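Colleague: Sequence plus predicted model, see below.
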Amino acid sequence: MDKNKIEQKKPGSNQKGVEEDSPLRLTADLEGNYLLDERTSEMKWLGIFYSPAGGSVHRVAKMLKKKIGADKVDMFCVNDVQADRLLDYKNLILVCSSLGRSTWEREQRDRWAKFFPSMRKISLKDRLVALVGLGDHVTYPKNFVDGMGYMAELVTGLGGTLVGKTSTDGYVYEDSTAVIDDLFVGLPLDEDFESEKTDARISKWLDMVLPEFERI
């Protein structure tokens, strides 16, 4: 039996979030752990995943969906889904708060923190992933949108391809782990002190990202 790749068909819906009789492809990593790679059924075009619900992140996620077209995209709070739902989509937009690696790993207050362990068991190979991170450049100028930097590290580690990198021009901050080679790894937004810029920033960013998504 090929140890590097096997095909497995789930006989039922015992695993939460997996449709009944849904064929799944499993790929082994270097340590012999099998990673859920993709469903063999047809994938949808775009999914937006966000957390937490009820605040600025949720509001931004709804703005993204409206601008893209509600009929073109599905949106989920990570509180309500399993990580394998990501595999239903060719393209992904992940929206997170300003929490960074240390906070996420030390304190389980953000639902993304509880989502990460199961997310690390899937592969995002051949998927395009765009990130949106909310930060506060006044109160936390040295950690501006650090959460987006951690998310980028996780996504690339799972084989995903990042799109939607943003110029640092027009942003005021001291330091950020979300900046690599003088570019933000996604779209930074500050709903606390620059909410008046959010609409234009999202529109400009989508003009860049959506054509990338359309190529698949």
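Modeller: Ah, there it is. Bear in mind that the values here come from a model prediction, so they are computed numbers and not experimental data.

Colleague: So which bits of the biggest helix by length in the chain are buried?
Modeller: Longest helix of the chain, by residue count under DSSP state H: helix 198-214. Of the residues in helix 198-214, Thr198, Arg201, Ile202, Trp205, Leu206, Val209, Leu210, Phe213 count as buried by neighbour count, 16 or more other C-beta atoms under 10 Å. Heads up, the C-betas are built off the backbone N, CA and C, glycines and all.

Colleague: List the residues that contact the first one.
Modeller: For Thr198, the contact set (C-beta atoms under 8 Å, 6 or more residues apart in numbering) comprises Val60, Met63, Leu189, Glu191.

Colleague: go again using 10 Å as the cut-off
Modeller: Ser56, Arg59, Val60, Met63, Leu134, Leu187, Leu189, Asp190, Glu191 (C-beta atoms under 10 Å, 6 or more residues apart in numbering).

Colleague: ok, now how distant is it from Arg59?
Modeller: Computed with C-beta to C-beta, to the nearest Å, the distance linking Thr198 and Arg59 is 9 Å.

Colleague: Overlap of the contact sets of these two?
Modeller: Taking C-beta under 10 Å, 6+ apart as the contact rule, Thr198 and Arg59 both touch Leu134, Glu191.

Colleague: mind checking how far the residue nearest in space to the middle of the chain is from Glu174?
Modeller: In the chain, the residue lying closest to the centroid (C-alpha atoms, centre = their mean) is Leu94, at 2.8 Å. Using C-beta to C-beta, one obtains 25 Å as the distance from Leu94 to Glu174.

Colleague: for Glu196, same thing?
Modeller: Taking C-beta to C-beta as the measure, Glu196 and Glu174 are separated by 22 Å.

Colleague: Between those two, which is the more surrounded one?
Modeller: Glu174 (10 against 7; other C-beta atoms under 10 Å).

Colleague: where do the strands sit along the chain?
Modeller: For the chain, the strands defined by DSSP state E occupy 5-9, 23-28, 34-39, 44-50, 74-77, 89-96, 128-134, 161-163, 166-167, 179-180, 183-184, 187-189.

Colleague: pLDDT averaged over the last one - what is it?
Modeller: So that's strand 187-189. Average pLDDT, strand 187-189: 98.

Colleague: Remind me what it packs against, helices and strands.
Modeller: Counting by 3 or more C-beta pairs under 10 Å, 6 or more residues apart in numbering; DSSP states H and E, the packing neighbours recorded for strand 187-189 are helix 56-68, strand 89-96, strand 128-134, helix 146-157, helix 198-214.

Colleague: coming back round to it: which among the contacts of Thr198 gets closest to Thr156?
Modeller: Closest approach between those and Thr156, by C-beta to C-beta: Leu187, at 16.8 Å.

Colleague: so where is this protein shaky, pLDDT-wise?
Modeller: With pLDDT under 70 as the threshold, the chain has low-confidence stretches at 1-41, 99-110, 216.
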